[in-house]
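Trainee: my questions are about this predicted structure, shown below with the sequence.
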Amino acid sequence: MDEEEFQKSGLNKLNAGELESLNSWLIKYTAQDSALIRQNVKAVQEETKTEIRSRIKGTFKGWKGNTKFYLENGQVWEQRNQKGGTRWTVNMNNPEVLITTNFFGLQILTIVDEGKSTKVKRIR
């Protein structure tokens, strides 16, 4: 969560003890409960099935293992650290992308016109 999201959520109004308690719950949730919720809560299942279609802003030169993708819809995605630092070089302007979620819950970004894909995670 970035600073703006922190402020908008009202979490800045919590005292240090309350924030610590929330952080502890989030750790437990991430480590234990999130897999069960993904399996059992229909709204979560639907959200993870959602495809995202957008375009990369400006000139796109490919990826090199740690590339950030700035999309026209305002989202920012980052290439997941992959063994061998997956690389692909190209020169395109505003290519269309499709982001899908695989069986394991990981997101895959595909450059539509090229059919080239890489694993990504959303950072904003």
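Mentor: Ah, there it is. Residues are numbered from 1 along each chain as shown.
Trainee: how many residues are close by Thr118?
Mentor: Residues lying near Thr118 (other C-beta atoms under 10 Å) number 21. Every C-beta, even on glycine, is put in place using the N, C-alpha and C of the backbone.
Trainee: do Arg53 as well
Mentor: Arg53 - counted by other C-beta under 10 Å - has 12 other residues nearby.
Trainee: against Phe69, how distant is it?
Mentor: 13 Å (C-beta to C-beta, to the nearest Å).
Trainee: quickly list what's touching both of those two.
Mentor: Residues touching both Arg53 and Phe69 by C-beta atoms under 8 Å, 6 or more residues apart in numbering: Val97.
Trainee: so where do the strands sit in the protein?
Mentor: Along the chain, counting by DSSP state E, strands occupy 52-55, 59-63, 68-70, 76-79, 88-93, 96-101, 107-111, 116-122.
Trainee: how about these in JSON lines, adding mean pLDDT?
Mentor: Output for the strands of the chain, formatted as JSON lines (pLDDT from 0 to 100):
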{"stretch": "strand 52-55", "mean pLDDT": "96"}
{"stretch": "strand 59-63", "mean pLDDT": "96"}
{"stretch": "strand 68-70", "mean pLDDT": "96"}
{"stretch": "strand 76-79", "mean pLDDT": "95"}
{"stretch": "strand 88-93", "mean pLDDT": "96"}
{"stretch": "strand 96-101", "mean pLDDT": "94"}
{"stretch": "strand 107-111", "mean pLDDT": "95"}
{"stretch": "strand 116-122", "mean pLDDT": "93"}
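Trainee: distance of Lys13 from Leu22?
Mentor: Per C-beta to C-beta, Lys13 is found 12 Å from Leu22.
Trainee: neighbour-wise, which of these two wins?
Mentor: Neighbour count, other C-beta under 10 Å: between Lys13 and Leu22, Leu22 has more, with 12 against 8.
Trainee: cool, thanks, signing off.
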